[in-house]
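Trainee: Need a 3D model of the sequence below.
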Amino acid sequence: MVSALSNAFSRISQHRQFGLLSTLFIVLLGGVIRLGNLANPKSLVFDETYYVKDAYTLGKFGSERTWPESANQFFESGTPDVFESTGSYVVHPPLGKWIIWLGLNLFGVENSFGWRFSTAVLGTISIALIIAIARQLTKSNAFSAIAGFLFAIEGHAVVLSRTAILDGILTFFVLLSFFVLLKADRAWKERLKRHQTLAVQPWLILLGIIMGMAGSVKWSAIYFLVTFGLFTFWSDWKTRAKFGLSKAAALGQGLVNALTLAVSSFSIYLLSWLGWLADPQAWGRNAEANWWESLFSYHVQILDFHTNLDSEHPYQANAWQWLLNLRPTAFYFEQFEGTESCGLLSSCTVAITAIPNLVVWFAGLVAMLWLIKNRLRKPQSQLVVLGFLAGWLPWIFFLDRTAFQFYAVVISPFFVLALTLVLQHYWQRGLLLKVRAVRERRITWLVLLASAVAVFYLPIWMGLPVPYEYWRLQMLLPIWI
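Mentor: Below is the predicted model of the structure:
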């Protein structure tokens, strides 16, 4: 059967419409996983208690308001206007909450589907982005389809697309910026071929705009901005050497690139605060004599919060633990008796936990380490490794800070891309047709195994009712509970 599947995929992938049709199918599949049963639970899940309610008042006033302790029960029942008149001190920029507000505005604040709609849509679009990125890296419709499929069934990506918090939104903008970075790098190399140098690059302006949007969701986007900016300098330097151009000019171009990225990203970031600037009741709005001093003072306090956050949490996990998935974050857990919430079951458990697809995750981790050890001279490998390092390495310096496994959603696409590159390399090394056929079957086995794991964990990703014993089976390690 595996041999038949492998042969069928090999034949179908040669069809000239395969790229388009496979993308549509995979995005549709991922969309069903991300949008199906999205309205459940009908209560605010985990940090949705902050971001959904903040999004609601952001849409009404331009900035967040404080809420009483009992606000959730009113909000969830469709009576949201129990907020207080005073502004709320929040520690993340506004754009992610504006995006969540779009779903609230479209479906109504009383509709829990609307709370999560925007993140689910961006999570679905992210699948298409992975396919487009993988196609640029591999020049292969078949392997880009594999990348898209693996990302569509990756647990971190699924859960964070189905929850109205910021990390799935951040991942979307990081992927979009990575796609634009690839375009920018290719366009600049073509320009250098014609010996046209020292210029403001339109693609870098766009990259700065998207990175500014990412930073307007969460500050951790700055790590990607710096990393991608340094890559443009390194790539320019190497390309000039290849074409016999003056490498010294790369310093001037590097300065132009840095200014381009800084100005475009900061401009977008500042624009994201317009609602706060326009609302006299916003927290800290009038703390200083001028608006820019008030905004700066606010940012100093936000920086202090993020630098010194060390409160205990039962599901906290540092960056080393992310790699081995030692403490996945439980977003929701309820046990029910009776068929009202359990369908055909007499009793059930409904849980949502950000457990990655274990096959994709650990195969991706091994692939990433292999790229670092063996393929770092290849530009494609460099880009994927840099994306991973930008999302993970800075957190090594904040091991005492309260952090969570689900922060790793931003590195999951780079694990998928690393795995895709390694699988393609493995397939290409099979020079004989018989050897390639064997390797195609092994790749098929890997994809099937990842699919089986996805089916097993789908209930805990989508909040579907299962018997309690089934949920206990999903908790492979005691420390996961």
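Trainee: Where does the closest residue to Ser77 other than its chain neighbours sit: helix, strand or coil?
Mentor: Of all residues not flanking Ser77 in the chain, Glu110 sits nearest, at 7.9 Å (Cβ to Cβ, 6 or more residues apart in numbering). Yep, even glycine has a C-beta here, placed from its N, CA and C like the rest. Three-state call for Glu110 (DSSP: H, G, I helix; E, B strand; the rest coil): coil.
Trainee: So what's the residue count around Glu110?
Mentor: 15 (other Cβ atoms under 10 Å).
Trainee: wait, isn't it in contact with Gly78?
Mentor: Yes. Applying Cβ atoms under 8 Å, one finds Glu110 in contact with Gly78, separated by 3.3 Å.
Trainee: can you give me phi and psi for the residue nearest to Ser77?
Mentor: Main-chain dihedrals, Glu110, degrees, to the nearest 10: phi -80, psi -10.
Trainee: And the helices in the stretch 101-250 of the chain?
Mentor: Assigned by DSSP state H, counting those that start in this stretch, the helices in the stretch 101-250 of the chain fall at 112-138, 141-152, 155-161, 166-193, 202-215, 221-242, 249-271.
Trainee: by how many degrees do the first one and helix 141-152 diverge?
Mentor: What separates the directions of helix 112-138 and helix 141-152 is an angle of 150 degrees, with axes from the mean of the first three to the mean of the last three Cα atoms, to 10 degrees.
Trainee: Which strands and helices lie in contact with helix 112-138?
Mentor: If you count contacts as 3 or more Cβ pairs under 8 Å, 6 or more residues apart in numbering; DSSP states H and E, helix 112-138 packs onto helix 18-35, helix 48-61, helix 95-107, helix 141-152, helix 155-161, helix 166-193, helix 379-392, helix 412-428.
Trainee: so how far is the next helix-or-strand element following the last one off the chain centroid?
Mentor: Meaning helix 412-428. Going down the chain from helix 412-428, the next helix or strand is helix 433-462, by DSSP states H and E. Centroid displacement of helix 433-462 relative to its chain, using Cα atoms, centre = their mean, to the nearest Å, is 23 Å.
Trainee: Report the buried residues of helix 433-462.
Mentor: By neighbour count on 16 or more other Cβ atoms under 10 Å, the buried set for helix 433-462 is 439-441, 443-444, 446-447, 450, 453-454, 457-462.
Trainee: and if you look at stretch 130-150?
Mentor: For stretch 130-150, using 16+ other Cβ under 10 Å, the buried residues are 130-138, 140-150.
Trainee: Equivalent analysis for stretch 373-389, please.
Mentor: By neighbour count with 16+ other Cβ under 10 Å, stretch 373-389 contains the buried residues 375, 380-389.
Trainee: repeat for stretch 300-310
Mentor: Ile302.
Trainee: How about stretch 53-61?
Mentor: Neighbour-count burial for stretch 53-61 [16+ other Cβ under 10 Å]: 53-59, 61.
Trainee: contacting residues around Tyr298?
Mentor: 283-284, 287 (Cβ atoms under 8 Å, 6 or more residues apart in numbering).
Trainee: List only buried entries from those.
Mentor: Taking 16+ other Cβ under 10 Å as the criterion, what is buried in the contacts of Tyr298 is 283-284.
Trainee: Where does pLDDT dip in the stretch 251-400 of the chain?
Mentor: Within the stretch 251-400 of the chain, the ranges that satisfy pLDDT under 70 run 339-341.
Trainee: which residue sits closest to the residue nearest the centre of the chain, ignoring its sequence neighbours?
Mentor: The residue lying closest to the centre of the chain (Cα atoms, centre = their mean) is Thr171, at 2.2 Å. Nearest residue to Thr171 in three dimensions, chain neighbours excluded: Val410, at 5.0 Å (Cβ to Cβ, 6+ apart).
Trainee: swap in Ile165?
Mentor: Excluding the flanking residues, the one nearest Ile165 by Cβ to Cβ, 6+ apart is Asp47, at 4.7 Å.
Trainee: ok, now Glu334?
Mentor: Glu334's closest residue in space is Val350 (Cβ to Cβ, 6+ apart), at 5.1 Å.
Trainee: ranking the helices and strands packed on helix 112-138 by burial, who's on top?
Mentor: Counting by mean count of other Cβ atoms under 10 Å, helix 155-161 has the highest mean neighbour count of the helices and strands packed on helix 112-138, with a mean of 30.
Trainee: Against which helices or strands is that helix packed?
Mentor: Contacts defined by 3+ Cβ pairs under 8 Å, 6+ apart place helix 155-161 against helix 18-35, helix 112-138, helix 166-193, helix 412-428, helix 433-462.
Trainee: Dump those to a markdown table, plus mean pLDDT and distance to Tyr315.
Mentor: Output for these, formatted as a markdown table (pLDDT from 0 to 100; distance: least, Cβ to Cβ, whole Å):
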| stretch | mean pLDDT | distance to Tyr315 |
| --- | --- | --- |
| helix 18-35 | 96 | 23 |
| helix 112-138 | 98 | 20 |
| helix 166-193 | 94 | 14 |
| helix 412-428 | 95 | 18 |
| helix 433-462 | 92 | 14 |
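Trainee: can you list those in a markdown table and add distance to Leu309?
Mentor: As requested, these are exported to a markdown table (distance: least, Cβ to Cβ, whole Å):
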| stretch | distance to Leu309 |
| --- | --- |
| helix 18-35 | 30 |
| helix 112-138 | 23 |
| helix 166-193 | 15 |
| helix 412-428 | 23 |
| helix 433-462 | 27 |
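Trainee: and of the ones you listed, who's closest to Glu337?
Mentor: Ranking those by proximity to Glu337 (Cβ to Cβ) places helix 433-462 first, at 18.2 Å.
Trainee: Reformat the helices of the stretch 101-250 of the chain as TSV; add distance to Val366.
Mentor: Output for these, formatted as TSV (distance: least, Cβ to Cβ, whole Å):
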stretch	distance to Val366
helix 112-138	18
helix 141-152	14
helix 155-161	17
helix 166-193	22
helix 202-215	28
helix 221-242	22
helix 249-271	33
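Trainee: Out of those helices, which gets nearest to Gln316?
Mentor: Comparison of the helices of the stretch 101-250 of the chain against Gln316 by Cβ to Cβ identifies helix 166-193 as nearest, at 15.0 Å.
Trainee: for the closest one, the distance to its chain's centre please.
Mentor: The answer for helix 166-193 is 14 Å, by Cα atoms, centre = their mean.
Trainee: Does anything pack onto that helix? Which helices or strands?
Mentor: When contacts are defined as 3+ Cβ pairs under 8 Å, 6+ apart, helix 166-193 packs onto helix 95-107, helix 112-138, helix 155-161, helix 202-215, helix 221-242, helix 379-392, helix 412-428.
Trainee: Kindly calculate the angle that the fourth one makes with helix 166-193.
Mentor: Read it as helix 202-215. Going by the same axes, to 10 degrees, helix 202-215 makes 170 degrees with helix 166-193.
Trainee: Which strands and helices lie in contact with helix 202-215?
Mentor: Helix 202-215 packs on helix 166-193, helix 221-242, helix 249-271, going by 3+ Cβ pairs under 8 Å, 6+ apart.
Trainee: Need the ones you listed in a markdown table (columns: distance to Gln14).
Mentor: Shown next, in a markdown table, are the helices and strands packed on helix 202-215 (distance: least, Cβ to Cβ, whole Å):
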| stretch | distance to Gln14 |
| --- | --- |
| helix 166-193 | 25 |
| helix 221-242 | 33 |
| helix 249-271 | 40 |
